[in-house]
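Novice: Dropping the sequence and predicted coords here.
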Amino acid sequence: MNAALSPPAAASASRVDLLLWVAVPYICLAVFVVGHVWRYRQDQFGWTSRTTQLLEHRWLRWGSPLFHLGAFMVIAGHVVGLAVPDAWTEAVGISEHAYHTTAVWAGSVAGVAMVTGLAMLCARRLVTRRIRLGTDRSDKFLFPLLSATVLLGITATFAHNVFGAGYDYRSTVSVWFRGLFVLQPEPEAIAGAPLLFQLHALTAFLLFAAWPFTRLVHVWSAPVGYLVRPYVVYRRRPAPAGAPVSASRPRSASGSR
Amino acid sequence: MPRGETTVGRVMAQVAMVMNLDKCIGCHTCSVTCKQTWTNRTGVEYAWFNNVETKPGVGYPRRYEDQQQWKGGWMLDKRGRLVLRSGGRIKRLLSLFSNPDLPSIEDYYEPVTYDYDNLVSAPAQKDVPVARPRSVLTGKPTAITWGANWEDGLGGAPEHAGGDPNLSGAWAEKVKFEFEQTFLFHLPRLCEHCLNPACVSACPSGAMYKRVEDGIVLVDQDRCRGWRMCVTACPYKKVYVNHATGKAEKCTFCFPRIEAGQPTVCSETCVGRLRYLGLLLYDADKVGEAAATPEEKDLLDAQRGVFLDPHDPEVIAAARESGVPEDWLDAARRSPVYDLVTRYKVALPLHPEYRTVPMVWYVPPLSPVLDAVDAAGGNQDDPDHVFAAVTRLRIPLEYLAELFTAGDTDVVAGVLMKLTALRSYMRERTLGERGDEAVLTAVGLTTREAEDLHRLIAVAKYTDRYVVPAAHKEDAAALTAMENRCPVETSGDPAPRKIMLGIPALRRNTTAGGRP
């Protein structure tokens, strides 16, 4: 599957690097895509944000908006940092220094908001017995994984770019990340990155793999269509596909005739 | 199963309900049978699609009628346009992460079960073993401090009933002072299946809808994403969050029964036989305009103006054009609801000022007034005494007006006088006298109408009370398809090919076997 590797790249990447930075990401992305298709077709009833506001609202009132708004900013930051090559930002006149200053400041604010929010959400889930009892197996997997990803990410930023000497992930991690999507993986680009960045990238891909099987699917149901919909929705009573009046019971397989 | 969203602008049929409150004895049979049918599942232990409240009282959930706090229903903005009280579309999307106006479980009550097992498994001892209450949510022993009908029969009323949001006027002070001689009546409530439903309008995912054929408002369990805006938007607080599935659930008006031409479970099992079911034809184009009537006291007439006369040839022609089947038109002509609401105008909507155009109406109770007549030393069998009480005793009247006419006491007084006149005239007739027709004329009834209304209100045979046309036979195939499945899937239903990723394992297990 990784036949697209150019010979020199393949030569410089070890087996472990190939496994971690090519095989694992592609497997995770495949699970992400197939998992979503499967769940959307099989489990509309389970596809929900699984709100617990009814059972606890004091912590949620602050934690949830903090987490979600922080997450939006963090995701936007990642899209810019990972998807946009530094040559492009240079071309529109944003210097490397200006970019990193902005990224570190905005990223820190967003990251701190997200971490605080997530901590509050985790805390209420642990402390409030009603919610703890209602916590699903998928939640027990998702919350630690999400926390690990977020904490590794913010630690990497603080350790290297806020208090450290500065690390230009755009020339390493970003190159690897883009390589995955243009089907020209460059595992050696991330192989030399600091451990924190590597761990962050790995947990993030695990999160992608877990995504379709957790409550994270509610992200895709963001109800933007509500902005333009008429207020009152009318629907006809559901009729089975192509069933005229007949004595026989409709079969579950549709369109077989 | 999303089918084509239909454009409105035509005659539509609504299965509506009227309850005669004078007959309600507060036995809660409707609530219990409803619960057994629809909400005896994990996640909705606290939810009562049908509940019976004692009025005056704070209700269930607590103080749900206080829309300053809960932001339910519609209101008019500064420019007179109809807007949801909980805010516009953008504000709603911004509050997805945390809905500021969502009642918490404490506003309903913490559901409990009992340690029944202790009764049989306790070791031999000196004391009789007891079944202690346990919270269903935490599994821990708990103290029961509130419930869906905590104030039943004015229990604890001196302490709590002052919190009734309807007791807001200056006259309300007296209600509290005179509690020794106070009045009470029972108010059974269920989803109003509104013509202008606020819950449907607030649902961000479009999972809630009003059925074109019969007007029943439902939640599509497959499309609900748990944004919980419907709970806030409904001013009657009759949409509930299932905390196990994270989805909204509500009264279904027992649509599988309605489709089969049977009354709802709450109606069927009503001991007092106080419920009426029937069709109302209405002009769907006029609903928005009626709901936006500027003056609150004009809302009642505006809402009545939306309903169409099923005997009018023009209406019949328009209804045929709109696809209302012939047997439904016939049922609409025989509808007891139409008679009570429009012909005799003795039924009133609950809180018309919420502007949702509710479809469960109430014949207001005479009993508070009769109690007052007794307390004042009058004779409640003498219509003159009752008439005098209706005009003079402001307290019960003001209170009923707060509930049913947006504060217009004249309308409530009119209905109560009509009921009083009917009682006295029919009593005389039953006792073999001629009956004083002057009393009837005073309230605008002919003798023939009085007999008809008396039959409808007092005799009220099964077939007179419930005129529910079965779903039309062209749709029979659709109904067979529904036959074998529960419309609100239980979360633990081991139906084939249903994956329950979203459901916590703990609750999944307890659901499968039903209640302990």
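Specialist: Yep, it's here. Residues are numbered from 1 along each chain as shown, chains lettered A, B, ... in the order given.

Novice: show me the contacts for B:Gly156.
Specialist: Shown in contact with B:Gly156 (CB atoms under 8 Å, 6 or more residues apart in numbering or on different chains): B:Trp150. (C-beta placed from N, C-alpha, C; glycine too.)

Novice: if we go to 10 Å?
Specialist: B:Gly156 makes contact with B:57-58, B:150, according to CB atoms under 10 Å, 6 or more residues apart in numbering or on different chains.

Novice: Measure how buried the residue lying closest to B:Pro364 once chain neighbours are set aside is and give me the count.
Specialist: Spatial nearest neighbour of B:Pro364, excluding adjacent residues (CB to CB, 6 or more residues apart in numbering or on different chains): B:Leu400 at 5.1 Å. Other residues near B:Leu400 number 28, with proximity taken as other CB atoms under 10 Å in any protein chain shown.

Novice: which ones are touching B:Thr342?
Specialist: Residues in contact with B:Thr342 (CB under 10 Å, 6+ apart) are B:280, B:304-305, B:307-310, B:335.

Novice: sorry, back to before: in JSON lines: the contacts of B:Gly156, plus secondary structure and pLDDT.
Specialist: Converted to JSON lines, the contacts of B:Gly156 look like this (DSSP: H, G, I helix; E, B strand; the rest coil; pLDDT from 0 to 100):
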{"residue": "B:Gly57", "secondary structure": "coil", "pLDDT": "89"}
{"residue": "B:Val58", "secondary structure": "coil", "pLDDT": "92"}
{"residue": "B:Trp150", "secondary structure": "coil", "pLDDT": "90"}
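
Novice: Mark which of these are buried, thanks.
Specialist: Among these, those classed as buried by 16 or more other CB atoms under 10 Å in any protein chain shown are B:57-58, B:150.

Novice: thinking again about what came up before, check which helices and strands the strand or helix carrying the residue nearest to B:Pro364 sits against.
Specialist: Secondary structure from DSSP states H and E places B:Leu400 in helix B:394-404. Contacts defined by 3 or more CB pairs under 10 Å, 6 or more residues apart in numbering or on different chains; DSSP states H and E place helix B:394-404 against strand B:51-55, helix B:172-177, strand B:185-189, strand B:348-349, strand B:360-363, helix B:367-375, helix B:383-392, helix B:409-430.

Novice: With just CA atoms, put it into CSV.
Specialist: What follows is helix B:394-404, C-alpha atoms only, in CSV (Å, rounded to 0.1, in the frame of the first residue of the first chain):
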residue,chain,number,x,y,z
ARG,B,394,-63.2,37.3,41.7
ILE,B,395,-60.7,34.9,43.1
PRO,B,396,-61.5,31.6,41.4
LEU,B,397,-62.5,33.5,38.3
GLU,B,398,-59.2,35.4,38.0
TYR,B,399,-57.3,32.2,38.5
LEU,B,400,-59.2,30.3,35.8
ALA,B,401,-58.7,33.3,33.5
GLU,B,402,-55.0,33.2,34.1
LEU,B,403,-55.0,29.5,33.0
PHE,B,404,-57.4,29.5,30.1
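
Novice: Could you list the buried residues of that helix?
Specialist: For helix B:394-404, the neighbour count (16+ other CB under 10 Å) marks B:395-404 as buried.

Novice: Likewise for stretch B:65-72?
Specialist: Buried, per 16+ other CB under 10 Å, within stretch B:65-72: B:65-67, B:70-72.

Novice: I'd say A:Phe72 and A:Ala106 touch.
Specialist: No. Using CB atoms under 10 Å as the test, A:Phe72 is too far from A:Ala106 to be in contact (12.0 Å).

Novice: Can you report how many residues lie near A:Leu133?
Specialist: Neighbours of A:Leu133 using other CB under 10 Å come to 14.

Novice: again, but for B:Glu289
Specialist: By other CB under 10 Å, 13 other residues sit near B:Glu289.

Novice: Pretty sure it sits against B:Arg81.
Specialist: No. The pair B:Glu289 / B:Arg81 is not scored as a contact, 11.7 Å apart, by CB under 10 Å.

Novice: In the stretch 151-300 of chain B, mark out all the strands, start to finish.
Specialist: Assigned by DSSP state E, counting those that start in this stretch, the stretch 151-300 of chain B shows strands spanning B:185-189, B:208-211, B:217-219, B:239-242, B:247-250, B:275-283.

Novice: Could I get those in CSV, plus columns for distance to A:His218?
Specialist: Listed next are the strands of the stretch 151-300 of chain B as CSV, based on distance: least, CB to CB, whole Å:
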stretch, distance to A:His218
strand B:185-189, 32
strand B:208-211, 17
strand B:217-219, 17
strand B:239-242, 15
strand B:247-250, 12
strand B:275-283, 37
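
Novice: Helices - which of the buried residues of stretch B:65-72 land there?
Specialist: Using DSSP state H, the subset of the buried residues of stretch B:65-72 located in helices is B:67, B:70.

Novice: ok, of the buried residues of stretch B:65-72, which one's closest to chain A?
Specialist: Of all these, B:Trp70 has the smallest distance to chain A: 13.7 Å, by CB to the nearest CB.

Novice: Contact partners for the closest one?
Specialist: Shown in contact with B:Trp70 (CB under 10 Å, 6+ apart): B:61, B:63-64, B:85-86, B:101-103, B:107, B:165, B:231-235, B:237.

Novice: Okay, and which of those map to helices?
Specialist: Taking DSSP H, the ones among the contacts of B:Trp70 that sit in helices are B:107, B:231-233.

Novice: Does the most centrally placed residue in chain A lie in a helix or a strand, and which?
Specialist: The centroid of chain A falls nearest to A:Phe208 when counting by CA atoms, centre = their mean (5.5 Å). Element membership of A:Phe208, judged by DSSP H and E, is helix A:195-210.

Novice: can you put the buried ones among the contacts of B:Gly156 in JSON lines and add distance to A:Arg178?
Specialist: Formatted as JSON lines, these follow (distance: CB to CB, whole Å):
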{"residue": "B:Gly57", "distance to A:Arg178": "65"}
{"residue": "B:Val58", "distance to A:Arg178": "60"}
{"residue": "B:Trp150", "distance to A:Arg178": "62"}
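
Novice: out of the contacts of B:Thr342, which is most surrounded?
Specialist: Most neighbours among the contacts of B:Thr342, by other CB under 10 Å: B:Ser335, with 27 neighbours.

Novice: Next up, the contacts around it.
Specialist: By CB under 10 Å, 6+ apart, the contact set of B:Ser335 is B:13, B:15-16, B:18, B:276-281, B:310, B:341-343, B:467-469.

Novice: Buried only: go through these for me.
Specialist: Burial by neighbour count, 16+ other CB under 10 Å: within the contacts of B:Ser335 this picks out B:13, B:15-16, B:18, B:276-281, B:310, B:341-342, B:467-469.

Novice: these two touch, right, B:Tyr362 and B:Leu21?
Specialist: Yes. Using CB under 10 Å, B:Tyr362 is in contact with B:Leu21, at 5.5 Å.
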